[in-house]
Structure formats: structure tokens, C-alpha cells
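1. Just a sequence and a predicted model for now, questions to come.
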Amino acid sequence: MKIVIAGCGKIGKTIIASLVKEKHEVIALDSDPAVVQQVVNTFDVIGICGNATDMTKLVEAGVGKAELFIAATGSDELNMLGCFAAKRLGAQHTAARIRDEENNDEGLEFMKTQLDLSFSLNPEQLAARAIYDIIKLPSATKVETFSSKRIEMIEIVLKPDSPLEGKTLAQIRKAAKSRFLICVVARNSKVYIPKGNFELKSGDRVGLIASESDTHKVLSFLGETPKPIKNVMVLGAGITSYYLAQLLLASHIDVKLIEKQKERCVEVCQTLKGGTVIRGDGMSQDLLLEEGIQNTDAFVALSGKDEENILISFYAMSQKVPKVISKVNRDELSSIAEGLGLDCIITPRKIVADVVVRYARALQKSIGSQVETLYSLFGGEAEALEFKVLQSFAYSSIPLKDLKFKDNIIIAGIIRGNNAIIPSGDDTIEPGDNIIVIAAGTNVYDLSDIIAAR
Amino acid sequence: MNYGMVFNTTGKVVKIEAIMLAVPAIVALIFAEWWYAAAFAISAAIALAVGFALTLLRPRNQLIFAKEGLVTVALAWIFVSLIGALPFVIGGVIPSYVDALFETVSGFTTTGATIINDVEKIGKSMQFWRALTHFVGGMGVLVFVMAVTSKATDRSMHILRAEMPGPIVDKLVPRAKDTALILYLIYIGLTLLLAILLLFGGMDLFESLVHAFATAGTGGFGIKNDSLASYSHYVQWVIAIFMILYGVNFNVFYLIILRRIGAAMKSEEFWIYILTVIASIAIVCVSLVSVLNVAFPDALRDATFQVAAFMSTTGFTTANYNAWPDIAKAVLLILMFIGGCAGSTAGGFKITRLIILVKKLGNDLKQTLHPRTASIVKFEGKRVDESTLEGVSGYLVIYLIILVATFGLLSLDPSGFGFEANFTASVSCFNNIGPFFSTSGMGTFADFSVFSKIVLTLSMLLGRLEIYPMLLTLTPRTWIKK
């Protein structure tokens, strides 16, 4: 598919990387020649130096024949205008990064219809959402919800004293009262789709699927029974922090934002209903102690600097804060931080790239199914996808045990109407179902891709 | 340095060469040259073995940077040449390995300089192999590998840039592999067209293919001792026109195929190239008519052919230009320096660089007159950035240094072929043209000393890869781990 991306900042580059990996034809547009040069050197794309709203450059990039145009520059207005121009020039679908609070209120839908945007990207809001999901389920390092929230995928890191240590999956399955599925395990930066004889070890990152109503039961069975989070301290009062505070306050969790800049403090105070805004340097340990970091249930580091976030997160851990979440945008830093023991890291640009990739896959003609949700897991080594099964799906109504799946692919969940099914061999795929598939090492575009042969 | 990736890619290229070597083996079987068929088969086996040995080292990661791109290209060319020389030695056509290497490098770099005195006697399959090296070397060995294998990673741009000639290398389409494929399809298409036109001119299939290959790569290996002089006027005209075409930037052809003829015709480089060709033809033609009293049609044909051959750095000959007036010889010599367009199969300094340099010079003059003017260099309607300008100026310096060094080393040869022969031989090899001027009527490079041949071999490789890849590979610091 031909995709034009305007704006090659952090978000833009991550989107480019994922799309090139998906074998799309990508044309990158940026106003900084040095950035264009770097993008062309690192990715298999064509780079054009120019503004996102420059007609001639857009034509040169061939937006007229592009299936998708993504505007990911730093400015909302530029993105909207660029998308408008691209659409008028003939791009089939357009997506703009729109992140400012004032653009993301009720007016967003209006703008989207007026500009004929296919979707808008708000990295900050997506990140806030992801952090919120973790805070609601604090024993997990990551929570992904699938459509209608019937099924959740939870990522946990096995602690050394975990009751699962040394047990095989078959043993665990026998002992468990509620249904869940351990569908993917990352060990020493390798990702496995485990079989029944797979033995878990402490330090494994485990991804498991359970129906939403069962998650708490499952977690307590796994020996993860933290008390629910009642108050959260957030470093930085940027856009992400603002969205997060809104979400938390709405579900009656107390929030304390720490922000250096006076103007920003005032701004947040004006718009946020409830919560506390502290003006001060969040990197100062004195200040954190004074504001009661020792008594807070969760600490979220959302300052603009990755390094600060990592360091202050370690400090928070040393102060025995039960849940520490940090935003780290640079890949190399997040892997270092993970290696040092920071297990809960949020990377907004990855989340955004997932959204774009899912959309691009859904655009590609699929035969019997349609991608509804897509999450990349464990740094892109594996992915979780949700498909909607269409009438034309060739393998419906066949028990799963009679289907032969490709290696490293597992069907982890079936959503049928209001029921969430954690599948066993006797379950079938029916048209109208939503199917959750976990795949390691391969990309799945269509549900029939997962079946090797009948 | 990512040694794994460098050797792995080189190994892949060598394996592809093994397949290439099978082609002349088949030709040898067709013409019942049994021993030559065996020679090609043995060489192919050696190529396979070397290829597998090179790919033994598994790359730990796929990360390559500009450095790896440059070294990969240089190493691939060196290995391909070293192995490509084997059939000549095994087949007994060229007993000395240094000579055979010279011939092969001359083939792959599309120089067309030969050390074979009687080319009509070496056998059809050997003639075919020489032409095939031109064809593959013309568009680039690694570009070929990229086009046929799916192994193009995110950073293959570094390899494309290192092998494609010219100061600014852009992809035609987003994916490097597709770009390589499109370039090769245009290249093959043009070559087939030429071969068909030559068939109409009375050549047999073998002759037309060999000449089409040699013209396509702007190489210049013929199968007759007098190159193309004994062929019909029609053949000479067809080849002259195609030589000019192969010196054009392939982007122009791509635009024409996309039916964006307007955009194609806007290319500044294309027009300057064409105008240079026309002006040169005019000067040479007039001098031939006025000084040597050659009849106009013959003068026009010879002038066109020779100008095309030198400007496109092909180096076919139809006339004894050694006996031409000084002004005609001077024009040909100047054309040797200029060369074709960037992104073509031609060698030389590249007219693109010359245009940019001249524009920069104009800018500098303007700057001197009006020190406060803000001015930029524009090429093809776009601003040429500082780093490209610096790169082009730097290239000129290193280009001259290597040319002078080659000439100096050649002059060490005790046999003493004379100043003119030494100088034009250096220019000819370094710019990948082939023929050189000689007062003594010397036609081939056979009589040069072994040392001179090695110098010229290196010089051809330096010229084809535009200096930096080879230079970097020959620098010890590239290889020392720090």
C-alpha cells in the first residue's frame, strides 16, 4: 500500500518503522533536510523535504495515489490542514495527529467530519489510557483490552516467590479454577508461544488472556493480590498527565501533579476538576518526601525527559511505592531501564504506531476477516490481534482441535455476543465472532493466514 | 564495522556470479567449445565455494551504516573480478592471471580496455563472457543482487548509494528493491530493443547480443580487432545513438515510461548532456571535413560515433582517431573527462558534477563582486545543499590526485610508450572508457608492464565505484577495531 507520512519526529519515525516492516511503500515528508536525510538512511523509504501543507510537495510525494496520508507534525493545525489538502488531492484515507486539549474536546468530531479525517491520533491520550488501565489493575505491567472490553490481555512479570515458578502450563491449567490462557512468554529477550509442557521460571514476562470479569480471580490465583490504588502521584503536568488525571479523577482516584512551570500549573488548575497541583521540581527528593511519596499507591513519571523519568522511578521504587510507571520514549533507554528492573514502561509512540498499523492492515483487502485491534507485545516481537469474522470465512464451525495452525500462533479468545470464551479444542469459530490471535515472529493480515492446512 | 553483514552480502554476490558463469558455459556448449565450457563450470564451482565460505559468518544484526555500504560494494567488486578472471586463465585464453584480472576488471567496470591482441581468436564463449561482464557491471553488481533477491533491508540505501554513480542518488520508488528492479527492467528493455535493431542490421543473434551487452554497459569490448569499423553504416548509427542513450540518467527513462514526458524533458542535466554531444559532433565533423577532406556523410557518422563512444565512456571505435586533427582529438579527450549523466551506466567525472561545479564557481564569482549577496546553487530546480557542494568539490580534488598518481606510476614503465599514450591510457582507464591515443599506433594494453597493468586495474575499479568505496576499503583504519 502506498502511504505518505508528513512529519518525521519521534512519532512519525516510529510509524514509518512499523509501516516499512509491514512492507508498505512509504514516502516521508519533513521540513528539515537533516531529518529527511536521516530517515532515508535508516528506512527503506523515499524522503521529500517540504512542509506538510505545501501543495507542490504533496503532489511530488504522490498523495493523489496514496491509500493513506498521515500527518504527524508537531502542530495540530498543520496536520489538519495537511490532511485536508491531501484528501482534496485524492488521498483515500487521512489521519492527523491532534493532541492539544482544546482540539480534543467536543469539537474534534466536528473537525473530523468537516476535514473528512479517517481517524485522529492523540499519542498523549492513548498513553494516558494505557497508564490508566495499568493503575486499575496494578499487578499487571501492561493491560490491553479488546473490543467491548470483554477480554483483557494482562502482562505480568513472575516474581521469584511466585507460586507458578517451575510449574508447567498443563499443571497450572489443572490447578486453576477460572479459565485463562497463558498465551505468550518472553524470556531473555526471546518470545515463545508456550505449549502445555512449557515450564515457567521467575523473571519471565507472561502474557495471559482472561475474560474481564475473571481477571481479579485469575490474578489472585497467580499470587498477585495488591490492594487497589487509591492515590497517584504524577511527575510533570504535561498533556499526558492532564488526560491521565481526568481519567483517574473520574474513577475517584486521588491525583497529585507535580509541575515546575508556573503557567502550566495555573492552566491545569483552571481546566482540571479536582486533584492537587504542586508547583515545584519533581526531581527534588525532598519535595517528593514532603508530598508523601512514601504513602502514595502509585507513582507515574511523565516528564518530558526519558532520563529523568527513569531515575526518579528508581527513587520511587526505593521508597517502596507499590506501583511505579514511567514514560520512556527512546527504545534504547527503555530496554536499559527494563534490564535494571523497571518493569512498567509506557512508550506512547509505540502505542500510536500500533493504531496506524492496525488501520493500514484493516485497509488491505482481507478475505474472511477484518482487523479490529492490534497490539504489539514485548517490543514488537509478538502481536495480539482481534479479528472480526465475516460470513466468507472458510474455516467456520470447525472445532479448533481439527484445524492445524501455523507455528507460533495461538487463538487466545473468542468473543461471541456478550460472552467471552477462553477457547479449548472443542470450541469453534463462527461468523460474527471476534477472535483474538497471538502471533510471535510473523505478521498476520487475515484470519485465514493463521491456518497452515486443514 | 559489521563484518558479518559485509561478508554475507559479498558472499551472496559471489554466489550470484556462479549463476552468471553458467551462461557463457551454455554458450560454449552451443558452439562446441568443450574445454571452455569446462573452464566456466570449474570457475562457477569455485565461485560457489567462495560464496558459501563468505556467508559462513552469520551476521549478528542487520545494522549497516554508510561505512559498511561502501566497503561491501568495494569488496563485492574485488571478489567478483578475482573470480571472473578465472575462466580466462583456466581456459588458457589469457595465461597470465594479472592479464586476465585486467581484462575482467575492464569488463565489469565497463572500461573495455583489452590486453588481447587478437580478439577474434579467443572463442565465442569467452567473447560472450567479456560482454556479459559489461552488462552486469554497467548497472551494478549489487543493484542486480538487490533486484533479484528479496534481501533488501531498511538500510540498503547505503549500498545503492555506494554503487550508483553520481553526486546525488535518489530512489525512484520507496523501496530499494523495487528501485533496483525498475532500473534493471529499463536497462534490459533498452538492451533487447538494441539487440533487435542490430538483428535487422544483418548481425546474427550472437553478434547482436554481444554488442548490445557491450553498448548497454557502456563498456566497449567488441569481437573484431577493428572494433565496429567493418560493420555496416546502419549498425554504426544504431550503436552510436544507443551509446548516447545509455549515457542519460535512467530517471529520465523512468519518467518517460510513467508518461510524464514533460517532467522528463525538464531535466537540466539531460539537455546539457545532449547539447554537449551535439556541439562536440559539430566541431569534430567540421574539422574532419575541412582538414582531412572527408566526405560529409562519413565525417558526420564517424564524428557522431566517436563522440558518443567517448562521452558515454563506451570506447567502441569505427575510425582511426589517432590520425584525426588535433582539435578533434582534443574534443575527444575532454569528453573522456566529462563522461555521462549521473544515474546512467556511463563512467567519467559525470556531467552532473561538472554542472554543479560550474554553477558553484559562478556563485563564488558573484559573491566576490557583491560580497553581501545571498545565493544558492540550484540544480534541476532544487537547491544543492552545502554537503553535496562540498562533496563534489572534494571529489574533484581526489579525482585529480588519483588521475595524476596513475599517470605518474604509468610513466615509471621503462618501455616508454610516450607521454601521450601514458596520459591518455590513465585517463581512459580511470574514466572507464577503454581506448587511448597513441602515436605509435598501439591498440591494446598488452605491452604495458605487469606493474602498470596492476595500477590500471586498480584505477579502473576506483573510477567505476567513484573512488570512495575502494579508497575506504584500502585504508587500514577501516578494518582495525577500536
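-> The structure has been received and is ready for your questions. Numbering: from 1, shown residues only, chains lettered A, B, ... in the order given.

2. For the stretch 1-150 of chain A, which segments are assigned as helices?
-> Counting by DSSP state H, counting those that start in this stretch, the stretch 1-150 of chain A has helices at residues A:10-21, A:33-42, A:55-60, A:76-89, A:107-115, A:123-136.

3. Okay, domains of chain A per the record?
-> Here the domain parsing of chain A from automatic domain parsing is A:2-121, A:231-321, A:350-453.

4. Kindly list the main-chain dihedrals of the residue in the stretch 151-300 of chain B positioned nearest to chain A?
-> At 4.2 Å from chain A, residue B:174 is the closest residue in the stretch 151-300 of chain B, using C-beta to the nearest C-beta. C-beta here means a position set from N, CA and C on the backbone, and glycine is covered the same way. When quoted as degrees, to the nearest 10, the phi and psi of residue B:174 stand at phi -50, psi -40.

5. Quick one: residues contacting it.
-> Neighbour list for residue B:174: A:2, A:25, A:26, A:27, A:44, A:45, A:46 [criterion: C-beta atoms under 8 Å, 6 or more residues apart in numbering or on different chains].

6. Do you know the pLDDT at the residue nearest to it when sequence neighbours are not counted?
-> In this structure, residue B:174 finds its nearest non-sequential neighbour in residue A:25, 4.2 Å apart by C-beta to C-beta, 6 or more residues apart in numbering or on different chains. pLDDT for residue A:25: 90.

7. Who are the contact partners of residue A:25?
-> Residues near residue A:25 by C-beta under 8 Å, 6+ apart: A:1, A:2, A:3, B:173, B:174, B:175, B:178.

8. which residues does it bridge with?
-> Going by DSSP bridges, residue A:25 is paired in beta bridges with residue A:2.

9. helix, strand or coil for the residue nearest the centre of chain B?
-> With distances taken as C-alpha atoms, centre = their mean, residue B:110 lies nearest the centre of chain B, 3.7 Å away. On the three-state scheme (DSSP: H, G, I helix; E, B strand; the rest coil), residue B:110 is labelled coil.

10. and what of residue B:212?
-> Assignment for residue B:212 (three-state DSSP): helix.

11. Retrieve the pLDDT associated with the spatially most distant residue from the centre of chain A.
-> Distance from the centre of chain A peaks at residue A:56, with 34.9 Å (C-alpha atoms, centre = their mean). Note for residue A:56: predicted pLDDT of 89.

12. Burial check on residue B:5, number of neighbours?
-> When neighbours are counted by other C-beta atoms under 10 Å in any protein chain shown, residue B:5 registers 24.

13. host element of it?
-> helix B:3-30 (DSSP states H and E).

14. now for that helix, which elements pack on it?
-> Judged by 3 or more C-beta pairs under 8 Å, 6 or more residues apart in numbering or on different chains; DSSP states H and E, helix B:3-30 is in contact with helix B:34-54, helix B:66-84, helix B:124-139, helix B:141-148.

15. Touching whichever helix or strand comes after the shortest one from outside, list them.
-> Using DSSP H and E, the next helix or strand after helix B:141-148 towards the C-terminus is helix B:157-163. Counting by C-beta under 8 Å, 6+ apart, helix B:157-163 makes contact with A:40-41, A:44, B:9, B:64-66, B:68-70, B:72-73, B:140-143, B:146, B:169, B:171, B:176, B:179-180, B:465, B:468-469, all of which sit outside it.

16. change it to 6 Å
-> Residues from elsewhere that reach helix B:157-163 (C-beta atoms under 6 Å, 6 or more residues apart in numbering or on different chains): A:41, B:64, B:66, B:69-70, B:72-73, B:140, B:142-143, B:169, B:176, B:469.

17. nearest to residue B:36, of the residues you listed?
-> Taking C-beta to C-beta as the measure, residue B:36 sits nearest to residue B:140 out of the contacts of helix B:157-163, at 26.9 Å.

18. Tell me how far the closest one lies from chain A.
-> Counting by C-beta to the nearest C-beta, to the nearest Å, the gap from residue B:140 to chain A is 17 Å.

19. so what's that residue scoring on pLDDT?
-> You'll see residue B:140 listed with a pLDDT of 86.

20. who's in contact with it?
-> By C-beta under 6 Å, 6+ apart, residue B:140 lies in contact with residue B:163.
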